[in-house]
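Chemist: got a sequence here, can you build the structure:
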Amino acid sequence: MSLPGSGRVVVVTGSSGGIGRASAIAFGRQGCDVALVARGSKGLEGAADEVRQAGGKPLTIPTDVADPEQVEQAAARVEAELGPIDIWVNVAFTSVFAPFAEIKLDEFKRVTEVNYLGFVYGTAAALKRMRPRDRGTIVQVGSALAYRGIPLQSAYCGSKHAIQGFHESLRCELLHDKSNVHVTMVQMPAVNTPQFSWVLSRLPHQAQPVPPIYQPEVAADAVVYAAANPHRREYWVGGSTAATLAANAIAPGILDRYLAKTGFKSQQTSDPKPADQPTNLWEPADGESGRDFGAHGIFDSQASNRSFQLWASQHHGTLAAGAGAALLAGIGLMVKTR
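Modeler: Numbers count the residues shown, from 1 in each chain. Alright, predicted model coming up:
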């Protein structure tokens, strides 16, 4: 799963924790120069240490991706200190766990500005530099929730749907221009990240990802693969992602009713929400708590280290050849038995 040559300059937003941090480390393992763009100082320091230990060269740039000027300044600094940007990965996000009626409008706006406009600003900064050179790759980290909304996450789901539409539109424009700049999107399943310990939650119990849960390294492998193979419009990670998208395409109304019945309980554990849980909506969680959360959340015991669906998404040709061979063998057997 190696990139075409080490020494690539990679920007990863939201790299202080979760998928962004695991992805930054994975790029470091490939020998890349990795610009770590996020808000939290503790998380950035920890991520830089891990990228360095993995074999990469880190550059930490404290940035709020909801501010377009900060994003543009971050991109300029990367090129001044590391060189031309080869790969830009948009990961940074925040969320609010609550029914829509309990989300304040300024909170909803903030989630949209970080999750959606943060991706737009990052993409704009990358394209400004990549298009004149006619090379480069932008990876948008999405979610199964880019296609299928679920209860208690209206702000997050809305932003991921917006990213999906933005991605499709931009990809069409780049194809029209016959540009050698590529954009691809990776649709993620439930992942064991620290978000469930730091997002603003008005739920009575501890928030949790809907099982099955995957470790952030599985997501990171998908991001690195997508960066190395960006001609595909998107990649799906996890059988649950494939199943959700298929069910939503075939019977969305039935899925509405199923999620209305199960979606509240499945997103909470039986434990009460910690009274001292930090929130990262307006300020970085590590600033409030004074600790580095790392890439993993609190669900290690339930999370898987592998995804067959990811392998299948990366090996369509192999699967098609295998299916074709099986079909020919079946036809041959039928002919022999007649």
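
Chemist: excluding its backbone neighbours, what's nearest the residue nearest the centre of the chain?
Modeler: Residue closest to the mean C-alpha point of the chain, counted by CA atoms, centre = their mean, is residue 141 at 3.1 Å. With CB to CB, 6 or more residues apart in numbering as the measure, residue 91 is the residue that lies nearest to residue 141, at 4.5 Å, once sequence neighbours are left out. Backbone N, C-alpha and C define where each C-beta goes, glycine included.

Chemist: is that neighbour in contact with residue 17, as I believe?
Modeler: No. Using CB atoms under 8 Å, residue 91 is not in contact with residue 17; the gap is 9.8 Å.

Chemist: show me where the stretch 151-300 of the chain has its helices.
Modeler: Along the stretch 151-300 of the chain, the segments classed as helices by DSSP state H, counting those that start in this stretch run 154-176, 216-228, 239-250, 252-266, 285-289.

Chemist: and the helix or strand just after the last one, what does it pack against?
Modeler: Put plainly, it is helix 285-289. Using DSSP states H and E, the helix or strand that follows helix 285-289 in sequence is strand 303-304. Using 3 or more CB pairs under 8 Å, 6 or more residues apart in numbering; DSSP states H and E as the contact criterion, the elements in contact with strand 303-304 are strand 213-214.

Chemist: what does the strand it packs on contact?
Modeler: 189, 190, 191, 192, 237, 238, 299, 302, 303, 304, 305, 307 (CB atoms under 8 Å, 6 or more residues apart in numbering).

Chemist: ok, stretch 265-284 next?
Modeler: Looking at stretch 265-284 with CB under 8 Å, 6+ apart, the contacting residues turn out to be 16, 38-41, 43, 94, 96-97, 107, 110-111, 150-153, 197-201, 203-211, 285, 288-289.

Chemist: among these, which ones are in strands?
Modeler: Here DSSP state E is the test, and these give 38, 96, 97, 200, 201, 205, 206, 207 as lying in strands.

Chemist: thought the fifth one was touching residue 94?
Modeler: Translated: residue 201. No. Look at residue 201 against residue 94 with CB under 8 Å: they stay out of range, at 11.7 Å.

Chemist: more neighbours: which of these two?
Modeler: When neighbours are counted by other CB atoms under 10 Å, residue 94 comes out ahead of the other of residue 201 and residue 94, with 28 against 22.

Chemist: in stretch 133-140, what's buried?
Modeler: For stretch 133-140, burial by neighbour count (16 or more other CB atoms under 10 Å) applies to 136, 137, 138, 139, 140.

Chemist: identify whichever of the helices of the stretch 151-300 of the chain lies nearest to residue 10.
Modeler: Closest of the helices of the stretch 151-300 of the chain to residue 10 is helix 216-228, at 7.5 Å (criterion: CB to CB).

Chemist: quick one: buried residues of the closest one?
Modeler: When neighbours are counted by 16+ other CB under 10 Å, the buried residues of helix 216-228 are found to be 216, 217, 218, 219, 220, 221, 222, 223, 224, 225, 226, 227.

Chemist: using the three-state scheme, assign residue 36.
Modeler: Using DSSP: H, G, I helix; E, B strand; the rest coil, the structure places residue 36 in strand.

Chemist: ok, what's across the strand from it?
Modeler: Beta-bridge pairing of residue 36, defined through DSSP bridges, involves residue 12, residue 60.

Chemist: from residue 84, how far off is it?
Modeler: 18 Å (CB to CB, to the nearest Å).

Chemist: quick one, which of those two is more surrounded?
Modeler: For residue 36 and residue 84, the more surrounded residue by other CB under 10 Å is residue 36, and the numbers stand at 30 against 13.

Chemist: make sure residue 13 is actually in contact with residue 21.
Modeler: No. Using CB under 8 Å, residue 13 is not in contact with residue 21, being 11.2 Å away.

Chemist: the two: which has the busier surroundings?
Modeler: It is residue 21, of residue 13 and residue 21, that has more neighbours when counted by other CB under 10 Å, with 31 against 28.

Chemist: quote the end-to-end distance of stretch 168-182.
Modeler: Here the two ends of stretch 168-182 are set 12 Å apart, with distance taken as CA to CA, to the nearest Å.

Chemist: now find how far off-centre that stretch is within its chain.
Modeler: Taking CA atoms, centre = their mean, to the nearest Å, one finds the center of stretch 168-182 at 21 Å from the center of the full chain.

Chemist: tell me the mean pLDDT over it?
Modeler: When pLDDT is averaged along stretch 168-182, the result is 98.

Chemist: from here on, count from 711
Modeler: That works, and once the first residue is 711, the last one we named lands at stretch 878-892.

Chemist: run through who's touching it.
Modeler: Defining contact as CB under 8 Å, 6+ apart, one finds that stretch 878-892 is touched by 833, 837, 840-841, 844-848, 893, 940-941, 943.

Chemist: try it again at 6 Å.
Modeler: With CB atoms under 6 Å, 6 or more residues apart in numbering as the contact definition, stretch 878-892 has outside contacts at 840, 841, 844, 845, 846, 847, 893, 940.

Chemist: which parts of the helix or strand that contains residue 730 are buried?
Modeler: Under the criterion of DSSP H and E, residue 730 resides in helix 728-739. Across helix 728-739, burial judged by 16+ other CB under 10 Å covers 728, 729, 730, 731, 732, 733, 734, 735, 736, 737, 738, 739.
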